[in-house]
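**Student:** Give me a 3D structure for the following:
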Amino acid sequence: MWTRLELKTKAKAVLKRAYWKALVVSFILSMVSGKGSNVFRWNINEADFAKGDWRGVLDPKLLTTLISIGIAVILIVIVTSIAFSVFLGYPLTVGARRFFISLTAQDAGIGSLGYAFKSGRYLNIVKTMFYRAVLVFLWTLLLIVPGIIKSYAYSMVPYILADNPQIDYKKAIDLSNKMTMGEKLNMWVLDLSFIGWYLLGALACGIGVIFVTPYDNATKAELYVTLRRKALQNGLFSYEELMSND
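**Tutor:** Down below sits the predicted model:
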């Protein structure tokens, strides 16, 4: 049985030897998985309002045109964001997880971020991560709580892909389910334990959050390694099923 203190102690030891590299990787990971916002502003001539001339603002044809342009812009932003997340964000996420997994045993280079882009790995990683996202989305459509539960159930998929990028997408989901069986509540409590750190980081105009993420990511990597070892010991799957020949 693992404890939060045990995982965090190991994470701190890892960060002592590679904090700045972990910070860079965590920052990139936050950028590719973060959410942006778009602000649309209306530039309306104040003189028209002063004169009571509303025709230029409320003209039906003008409004129709502006609405059509607005919808088109929103659709373009949405499609671009999804494409960015799928084709760049997912591979970089797996590369970042590989970096932190490597840190649990030895030093690792920032070059691990590009791991998913190597020949024969990219498409399977994108397909598996996308399949995972669709499953979580569909479960969330049913109810919020099932969506949260399944997000924890599938949370090990990026780490599994970091260990074996060639694994079948359905097999990756199955392995993650098995690894997190009976662990979801503890994983949720582990996440809650970082809230205080993130709140402290937010007090520094949000900049401090950047320095907390390496600690969070290193701890989650320690959790994966612990769950992987436990699952192998319990015979939930074989070493060959999980690990690649790299």
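
**Student:** Please look at Asn217 and Ser26 and confirm they touch.
**Tutor:** Yes - using Cβ atoms under 8 Å, Asn217 is in contact with Ser26, at 5.2 Å. C-beta coordinates here come from the backbone N, C-alpha and C atoms, glycine included.

**Student:** residues touching the most centrally placed residue in the chain, list them.
**Tutor:** Nearest residue to the geometric centre of the chain (Cα atoms, centre = their mean): Ser33, 4.9 Å. By Cβ atoms under 8 Å, 6 or more residues apart in numbering, the contact set of Ser33 is Ser85, Gly89, Thr93.

**Student:** coming back round to it: name the residues contacting each of Asn217 and Ser26.
**Tutor:** Jointly contacting Asn217 and Ser26 under the rule Cβ under 8 Å, 6+ apart are Ala96.

**Student:** Which residues does stretch 128-148 contact?
**Tutor:** 86, 90, 93-94, 149-151, 154, 157-158, 161, 167, 169-170, 172-173, 188.

**Student:** average pLDDT across that stretch?
**Tutor:** Stretch 128-148 comes out with an average pLDDT of 93.

**Student:** list the buried ones in it?
**Tutor:** Thr128, Met129, Phe130, Tyr131, Arg132, Ala133, Leu135, Val136, Trp139, Gly147 (16 or more other Cβ atoms under 10 Å).

**Student:** Lys16: what secondary structure?
**Tutor:** Of the three states, Lys16 takes helix under DSSP: H, G, I helix; E, B strand; the rest coil.

**Student:** count of residues packed around it?
**Tutor:** Neighbour count for Lys16, taken as other Cβ atoms under 10 Å: 8.

**Student:** From the contacts of stretch 128-148, list just the buried residues.
**Tutor:** Applying 16+ other Cβ under 10 Å to those flags 90, 93-94, 149-151, 154, 157-158, 161, 167, 169, 172-173 as buried.

**Student:** Could you provide these in JSON lines, with additional columns for secondary structure?
**Tutor:** JSON lines is the format used below for these (three-state DSSP):
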{"residue": "Tyr90", "secondary structure": "helix"}
{"residue": "Thr93", "secondary structure": "helix"}
{"residue": "Val94", "secondary structure": "helix"}
{"residue": "Ile149", "secondary structure": "helix"}
{"residue": "Lys150", "secondary structure": "helix"}
{"residue": "Ser151", "secondary structure": "helix"}
{"residue": "Tyr154", "secondary structure": "coil"}
{"residue": "Val157", "secondary structure": "helix"}
{"residue": "Pro158", "secondary structure": "helix"}
{"residue": "Leu161", "secondary structure": "helix"}
{"residue": "Ile167", "secondary structure": "coil"}
{"residue": "Tyr169", "secondary structure": "helix"}
{"residue": "Ala172", "secondary structure": "helix"}
{"residue": "Ile173", "secondary structure": "helix"}
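
**Student:** Adding distance to Ile210, write the residues you listed out as JSON lines.
**Tutor:** Output for these, formatted as JSON lines (distance: Cβ to Cβ, whole Å):
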{"residue": "Tyr90", "distance to Ile210": "22"}
{"residue": "Thr93", "distance to Ile210": "17"}
{"residue": "Val94", "distance to Ile210": "21"}
{"residue": "Ile149", "distance to Ile210": "29"}
{"residue": "Lys150", "distance to Ile210": "29"}
{"residue": "Ser151", "distance to Ile210": "23"}
{"residue": "Tyr154", "distance to Ile210": "26"}
{"residue": "Val157", "distance to Ile210": "25"}
{"residue": "Pro158", "distance to Ile210": "20"}
{"residue": "Leu161", "distance to Ile210": "25"}
{"residue": "Ile167", "distance to Ile210": "32"}
{"residue": "Tyr169", "distance to Ile210": "32"}
{"residue": "Ala172", "distance to Ile210": "30"}
{"residue": "Ile173", "distance to Ile210": "31"}
